[in-house]
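**Student:** here you go, sequence then predicted model.
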Amino acid sequence: MTDLTTLETELSARIAAAPDGAALEAVRVEALGKSGAISALLKSLGGMSPDERREQGPRINGLRDRIAAALAERKAALDAAELDARLKAERVDLTLPPPPRRKGAVHPTMQVMDEMVAIFADLGFGVAEGPDIEDDFHNFTALNFPPKHPAREMHDTFFFKPGPDGDRKLLRTHTSPVQVRTMQKTNTPPPAPWIAAGQDPPIRIVVPGRTYRCDSDQTHTPMFHQMEGLVIDRGIHMGHLKWTLQTFISRFFEGEVGARFRPHHFPFTEPSAEMDIQCDRSGGEIKVGQGSDWLEVVGCGMVHPHVLRNCGLDPEVWQGFAFGFGVDRLGMLKYGMPDLRDMFASDTRWLAHYGFSPFVAPNPASGLS
Ligand code: DAH
């Protein structure tokens, strides 16, 4: 059958001459595609007599195999030639700067906590921590919140379902329970290695941590951060408290900041106060350390004798002061973030904008700058 030979010669010539992948593909479709010439021949086998098929079958199949092999060989040659040409034409520019690498940032709340701890460490305070899931005793009772006291409701507490023993656990509403955990002289080790062990006075600690209340608006989120402070020693008075908080605030805001103490009420301190700092609200944003407005930043007071007794300390011997800062709030003031909820929305654009470089050495004299 000369037409098979002619077809093979013609296809082989076109394959060998195909200048690129597209031309080669066109030949493949014409030969082996659905309505290609070789495909038609293969189909014609079905209509042949057995004798004819026995003769033509091997010839047509052989043709198909040889053409397929020639196509594959030519494709490999074209690919290799293309790669060769690209390698010859392209140059790696070693002088180009590397593309910027995305690096993480320190969350403003963590930055502010580090700054606060650095300043308090410089004033002689250690760090203590406690559990987020607390019991009623540490969160309320030991802190002199009597049962049914309305302040328990004011705290908008997230309670868990009571356990089999009727004990109702809760998400701590403040970091103050760690005062109790630290003052309690326990002979038993703390429930987890990272929970502060009981300490004998003198005590000087700050307690950074997460706190929870059922509340959400521009300045409240269900989870937020506080930093508690506790000092217990002999002869401690309001003067020590005022100096400590004023010194802290001026170092934190890196300049002289006016402060005033207003009487207030907390069940666990007597007397209790709130400290306001000087600010200017006239320009639409709050500027700390200027102007004649005041802004409340920290609750504080002298540790109530009931609390000392509840923790096994004799108020005739030991006195102390305590304070509780809203950490996120201080961060908003220092770094100009208008909405507390953004802090915990995990928007990476916000984090990239307000986050801090992780590679900064601490400078306790002015926080971490
Ligand atoms: N625990 C208080 C709160 O969350 C803050 C506070 C006020 C803590 C006075 C103190 C303190 O230690 O003395 O509202």
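**Tutor:** That came through fine.
**Student:** next, count neighbours for the residue in the stretch 151-300 of the chain positioned nearest to the ligand.
**Tutor:** Nearest residue of the stretch 151-300 of the chain to the ligand: Gly299, at 2.7 Å (C-beta to the nearest ligand atom). C-beta here means a position set from N, CA and C on the backbone, and glycine is covered the same way. As a burial measure, Gly299 scores 22 neighbours (other C-beta atoms under 10 Å).
**Student:** please renumber the chain so that the first residue is 30 from this point on.
**Tutor:** Sure thing, new numbering starts at 30, so read that last one as Gly328.
**Student:** over to it. Which of the three states is it?
**Tutor:** Under DSSP: H, G, I helix; E, B strand; the rest coil, Gly328 falls in the strand class.
**Student:** which parts of the protein sit against the ligand?
**Tutor:** The chain has residues His203, Ser205, Glu257, Phe295, Thr298, Gly328, Cys329, Gly330, Ala351, Phe352, Gly353 near the ligand, with proximity defined as C-beta under 6 Å from any ligand atom.
**Student:** picking that back up, tell me what the residue of the stretch 180-329 of the chain closest to the ligand is bridged to.
**Tutor:** Judged by DSSP bridges, the bridge partners of Gly328 are Glu303, Gly353.
**Student:** could you measure from the residue nearest to His249 when sequence neighbours are not counted over to the ligand?
**Tutor:** Nearest residue to His249, sequence neighbours excluded (C-beta to C-beta, 6 or more residues apart in numbering): Leu369, at 6.7 Å. Per C-beta to the nearest ligand atom, to the nearest Å, Leu369 is found 15 Å from the ligand.
**Student:** which of the residues in the strand or helix carrying Met256 are buried?
**Tutor:** In the assignment (DSSP states H and E), Met256 maps to strand 252-262. Using 16 or more other C-beta atoms under 10 Å as the test for burial, strand 252-262 gives Phe253, His254, Gln255, Met256, Glu257, Gly258, Leu259, Val260, Ile261.
**Student:** what do you get for stretch 244-253?
**Tutor:** Going by neighbour count (16+ other C-beta under 10 Å), the buried part of stretch 244-253 is His249, Thr250, Phe253.
**Student:** surely Asp244 is within a strand?
**Tutor:** No. Read with three-state DSSP, Asp244 is coil and lies in no strand.
**Student:** test my guess that it contacts Thr186.
**Tutor:** No. In this structure Asp244 lies outside contact range of Thr186 using C-beta atoms under 8 Å: 10.7 Å.
**Student:** any idea how many residues pack against Ser375?
**Tutor:** When neighbours are defined as other C-beta under 10 Å, Ser375 has 9 of them.
**Student:** tell me the pLDDT of it.
**Tutor:** On the pLDDT scale, Ser375 is placed at 90.
**Student:** go on, His335?
**Tutor:** The confidence metric pLDDT takes the value 97 at His335.
**Student:** which element is it on?
**Tutor:** helix 334-339.
**Student:** contacts for that helix next, please.
**Tutor:** Residues outside helix 334-339 that contact it (C-beta atoms under 8 Å, 6 or more residues apart in numbering): 170-173, 208-209, 212, 261, 297, 299, 343-344, 347-349.
**Student:** next one: phi and psi at Ser78?
**Tutor:** With angles defined as degrees, to the nearest 10, Ser78 sits at phi -70, psi 160.
**Student:** same question for the one 4 residues further on.
**Tutor:** The phi/psi pair for Arg82 (degrees, to the nearest 10) reads phi -60, psi -40.
**Student:** give me the mean pLDDT for stretch 228-245.
**Tutor:** pLDDT averaged over stretch 228-245 gives 93.
**Student:** what's the span of it, first residue to last?
**Tutor:** 36 Å (C-alpha to C-alpha, to the nearest Å).
**Student:** one step back: in JSON lines, list the residues of the chain next to the ligand along with pLDDT.
**Tutor:** JSON lines is the format used below for these (pLDDT from 0 to 100):
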{"residue": "His203", "pLDDT": "96"}
{"residue": "Ser205", "pLDDT": "98"}
{"residue": "Glu257", "pLDDT": "98"}
{"residue": "Phe295", "pLDDT": "95"}
{"residue": "Thr298", "pLDDT": "98"}
{"residue": "Gly328", "pLDDT": "97"}
{"residue": "Cys329", "pLDDT": "98"}
{"residue": "Gly330", "pLDDT": "98"}
{"residue": "Ala351", "pLDDT": "98"}
{"residue": "Phe352", "pLDDT": "98"}
{"residue": "Gly353", "pLDDT": "98"}
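**Student:** out of those, which is most surrounded?
**Tutor:** Ranking the residues of the chain next to the ligand using other C-beta under 10 Å puts Ser205 first, with 30 neighbours.
**Student:** contacting residues around it?
**Tutor:** Taking C-beta under 8 Å, 6+ apart as the test, what Ser205 contacts is Asn168, Leu172, Glu257, Phe297, Ala351, Gly353.
**Student:** residues in contact with the last one?
**Tutor:** With contacts defined as C-beta under 8 Å, 6+ apart, Gly353 is in contact with His203, Thr204, Ser205, Gln255, Met256, Glu257, Gly258, Val327, Gly328, Cys329.
**Student:** all strands for the chain, in order.
**Tutor:** 155-156, 162-163, 199-200, 232-241, 252-262, 288-295, 298-309, 316-317, 322-332, 348-355 (DSSP state E).
**Student:** what strands flank the second one, and is each parallel or antiparallel?
**Tutor:** Which is strand 162-163. When sheet partners are counted by DSSP bridges, strand 162-163 sits next to strand 199-200 (antiparallel).
**Student:** which residues does the strand it pairs with contact?
**Tutor:** With C-beta under 8 Å, 6+ apart, strand 199-200 has contacts from Asp161, Ile162, Glu163, Asp164, Asp165, Asn168, Thr186, Phe187, Phe188, Phe189, Thr240, Tyr241.
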